[in-house]
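K.L.:
whatever this is, show me its structure:
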Amino acid sequence: MEKGRARIPFKLGKIDIHSVSALAIEKVEILEGNKKPIKIVIVMTNPAGIFQVDELLKSKIKTSGIDDMVEIEARLIENGKEVVFKKYE
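P.N.:
Here you go, the predicted structure:
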């Protein structure tokens, strides 16, 4: 999950939820958590990016065995500011 990774497929005409949602991801940060040891913060420029979190990242963490150690926070850039869009604890 990283900025620009869907740019080439999108330019080649592959327009689907995977490419649109991947384009929405601006940055990903791994920080020390508040409620759990690890906090992953995903910053999006478009709400479509939540697909990357809900359908890809969450399922990978859930099956990895570290689900109880990770909290996820999805943020959306609105008017130049990051606002919390969704939290997974």
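K.L.:
now the helix or strand where Lys27 lies: average pLDDT?
P.N.:
Lys27 is part of strand 25-32, with elements assigned from DSSP states H and E. Per-residue pLDDT over strand 25-32 has a mean of 94.
K.L.:
listing partners with orientation, what would you give for it?
P.N.:
In the sheet, strand 25-32 lines up against strand 38-44 (antiparallel) (DSSP bridges).
K.L.:
which residues touch the strand it pairs with?
P.N.:
Strand 38-44 is contacted from outside by 1, 24-33, 49-50, 52-53, 57, 66, 69-77, 82, 85, using C-beta atoms under 8 Å, 6 or more residues apart in numbering. Quick note: C-beta positions are derived from backbone N, CA and C, even for glycine.
K.L.:
quick one: mean pLDDT for the following helix or strand past that strand?
P.N.:
Tracing the chain past strand 38-44, the next element assigned as helix or strand by DSSP H and E is helix 50-51. Averaged over helix 50-51, pLDDT sits at 91.
K.L.:
for helix 50-51, enumerate the helices and strands it packs against.
P.N.:
In terms of contacts (3 or more C-beta pairs under 8 Å, 6 or more residues apart in numbering; DSSP states H and E), helix 50-51 is packed against helix 17-23.
K.L.:
in the helix it packs on, which residues are buried?
P.N.:
Within helix 17-23, the residues that count as buried by 16 or more other C-beta atoms under 10 Å are 18-23.
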